[in-house]
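Engineer: What follows is a predicted protein model with its sequence.
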2 protein chains.
Amino acid sequence: MSMTKDDGEYVQTLARGLTVIRAFGPQHQKLTLSDVARRANLTRAAARRFLLTLKRLGYVKSDDGKYFSLQPAVLDLGYAYLSSIPWWEIAQRYMEEVSAAVEESCSAAVLADGDIVYIARVATQRIMSMTINIGSRMPAYATSMGRVLLAHQEPAWLDDFIEKTNFAPITEHTVVQKPALRKLLTEVKRQGFCIVDQELEAGVRSIAVPLFDRQGKCQAAINVGTHIARVSKMKLTTTVLPALRTASSKITAAWTA
Amino acid sequence: MSMTKDDGEYVQTLARGLTVIRAFGPQHQKLTLSDVARRANLTRAAARRFLLTLKRLGYVKSDDGKYFSLQPAVLDLGYAYLSSIPWWEIAQRYMEEVSAAVEESCSAAVLADGDIVYIARVATQRIMSMTINIGSRMPAYATSMGRVLLAHQEPAWLDDFIEKTNFAPITEHTVVQKPALRKLLTEVKRQGFCIVDQELEAGVRSIAVPLFDRQGKCQAAINVGTHIARVSKMKLTTTVLPALRTASSKITAAWTA
DNA sequence: GAACTTATGTTCGCTATACGAACACACGGG
DNA sequence: CCCGTGTGTTCGTATAGCGAACATAAGTTC
């Protein structure tokens, strides 16, 4: 029937099964077999097979046999990724130091497609209206960590990315003009840090630095987010930046793999 | 060949594919096809098919075609679970309040098998030697949240659990005698909170309260972990406990589903 | 550095496996 | 009560995934 991905080395069943997990989400804790089938574009028969399988594996629960819901076991999958990052624990430790020193939240993120994905976080008082947590995604172009990560990408890749992406303004301050953005990124790479001032959310200003591996490749970014009323732009560069830089180099130094 | 789980409504391929993700972990960021096959008990051919599939889906990367590693996209799976929890965001907010008020880390966890699994966390200064994060697991019997969750489980289930589990001491204070443990749990349920004093790690004392849904069923627990030198046992009940209780009832009140 | 051994990755014909059309069953509205 | 609509389940069939067998690379030994 569908010959889209049929290479003989593609396991359709696995791909379909994973969409079942993704069928759950906000406002969709409890789903019937048919709900899942609809949301994952599967026949009811298929959805049933997958749900029953996931249930046996402990990823899914169903008390009454009608409504299915995800179980904490699915976190093990994400944890497999997190724990596979060689510098993850180390970063966490030094981020705690940063957070304690500046009394603000500190996060780490990597790039995935055009988004940043949070992989570690030490939270203090909330500054953003949105809830950020591990696994959360934000558009790279409007975040301090995103800019840092983009700036350190291969030039060819970056060209292509800027070319084909449509940058939408998020606040009134968001820079979306491609030439302007490109210039900002060059500057970010030159100076080795990035400040984003209320481009993602009004009242929020954050600063990020890159995280290099032993080979000098930028693998992630760490940042500190502040409220404009609490921390001046000046203080960001004089106090927070040095703390981030110290942490960044310490993490690089402690890199195991 | 193997007729172990062959009910006709069990999709072997999905189960196998998921083990591929779990093959990665600490000290196993980059794995060859053969490594994966070994660690997941698959033939090399199967491991190859799965890895190539996961690669196409963006869950796995392979620069050279030899070494494979997990990508941030796998966090989306865990995120599907977290975001499906109706009170997750709300809890996060009130936990931030608790953490700010008492200036200590606050976590939320649910029960899975005999473990607690962390599902939300507001971290301040580190008190444990281990790194805790979302998805982390700890033995339920030796943690404050674990005791709370166990105490509110169905009596029949609890009997069975205590019966068939072998409780190993973690520190010199860990209570492992089954009658003593059972007595503690009864007390926990009666008083509506649980203090665990250095039973999980020396120098660490924590207090937990249950989190009820609208129907009065205990769905999770939230706790505050402290260092014995910084917070007295007295202060735990006089200051921290009220904060936790307030948060708990506010979360229940704001429960949407 | 040839000759052998071991381990890794890939191919390909076969059959077990996952597939979905068809069926049965529950619900609800007229 | 009947009919329409939606949900879950069965079962024969085709095909998707399987692994034995092959090729190719990486070590070992003399």
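Structural biologist: Received, thanks. Model, not experiment: these values are computed from the prediction.

Engineer: Spatially, and excluding backbone neighbours, which residue is closest to the residue nearest to the spatial centre of chain A.
Structural biologist: Geometric centre of chain A, nearest residue: residue A:117, 0.6 Å, by C-alpha atoms, centre = their mean. Nearest non-adjacent residue to residue A:117, counting by C-beta to C-beta, 6 or more residues apart in numbering or on different chains: residue B:72, 4.1 Å away. C-beta here means a position set from N, CA and C on the backbone, and glycine is covered the same way.

Engineer: where does the one you found fall, helix, sheet strand or coil?
Structural biologist: Following DSSP: H, G, I helix; E, B strand; the rest coil, we place residue B:72 in the coil state.

Engineer: Now it: phi and psi?
Structural biologist: Main-chain dihedrals, residue B:72, degrees, to the nearest 10: phi -50, psi -20.

Engineer: quick one on the thing from earlier: you'd agree the residue nearest to the centre of chain A is in a strand?
Structural biologist: Yes: secondary structure of residue A:117 (three-state DSSP): part of a strand.

Engineer: Surely it is in contact with residue A:139?
Structural biologist: No: contact between residue A:117 and residue A:139 fails when scored by C-beta atoms under 8 Å: they sit 11.5 Å apart.

Engineer: Tell me how many other residues surround the residue nearest to residue A:122 when sequence neighbours are not counted.
Structural biologist: Once flanking residues are discounted, residue A:122 sits nearest to residue A:99: 4.2 Å by C-beta to C-beta, 6+ apart. Residue A:99: 23 surrounding residues under other C-beta atoms under 10 Å in any protein chain shown.

Engineer: hang on, residue A:99 in a helix?
Structural biologist: Yes: counting by three-state DSSP, residue A:99 falls inside a helix.

Engineer: Contact partners for it?
Structural biologist: Residue A:99 makes contact with A:105-106, A:122, A:124, A:224, B:123-124, according to C-beta atoms under 8 Å, 6 or more residues apart in numbering or on different chains.

Engineer: name the element the residue in the stretch 51-200 of chain A that chain B sits nearest to belongs to?
Structural biologist: Closest residue of the stretch 51-200 of chain A to chain B, C-beta to the nearest C-beta: residue A:78 (3.0 Å). With secondary structure defined by DSSP states H and E, residue A:78 is part of helix A:75-84.

Engineer: Which residues does that helix contact?
Structural biologist: A:88, A:119, A:134-135, B:18, B:21-26, B:28-29, B:69-72, B:74-75, B:77-79, B:81-82, B:117, B:119, B:133-136.

Engineer: so what's the residue of the stretch 51-200 of chain A closest to chain B closest to, chain neighbours aside?
Structural biologist: Using C-beta to C-beta, 6+ apart, the closest residue to residue A:78 is residue B:78 (3.0 Å).

Engineer: Helix, strand or coil: sort out residue A:221 for me.
Structural biologist: Under three-state DSSP, residue A:221 comes out as strand.

Engineer: what's the neighbour count on it?
Structural biologist: Neighbour count of residue A:221, defined by other C-beta under 10 Å: 30.

Engineer: same deal with residue A:115?
Structural biologist: By the measure other C-beta under 10 Å, the count of residues near residue A:115 is 18.

Engineer: What is the burial count for the closest residue to residue A:56 other than its chain neighbours?
Structural biologist: Residue nearest to residue A:56 in three dimensions, not counting chain neighbours: residue B:10, with 6.5 Å by C-beta to C-beta, 6+ apart. Neighbourhood size, residue B:10 [other C-beta under 10 Å]: 17.

Engineer: again with residue A:188
Structural biologist: Neighbour tally, residue A:188, other C-beta under 10 Å: 23.

Engineer: That one falls within a helix, correct?
Structural biologist: Yes: Residue A:188 sits within a helix when classified using three-state DSSP.

Engineer: is it true that it touches residue A:146?
Structural biologist: No: the pair residue A:188 / residue A:146 is not scored as a contact, 10.2 Å apart, by C-beta under 8 Å.
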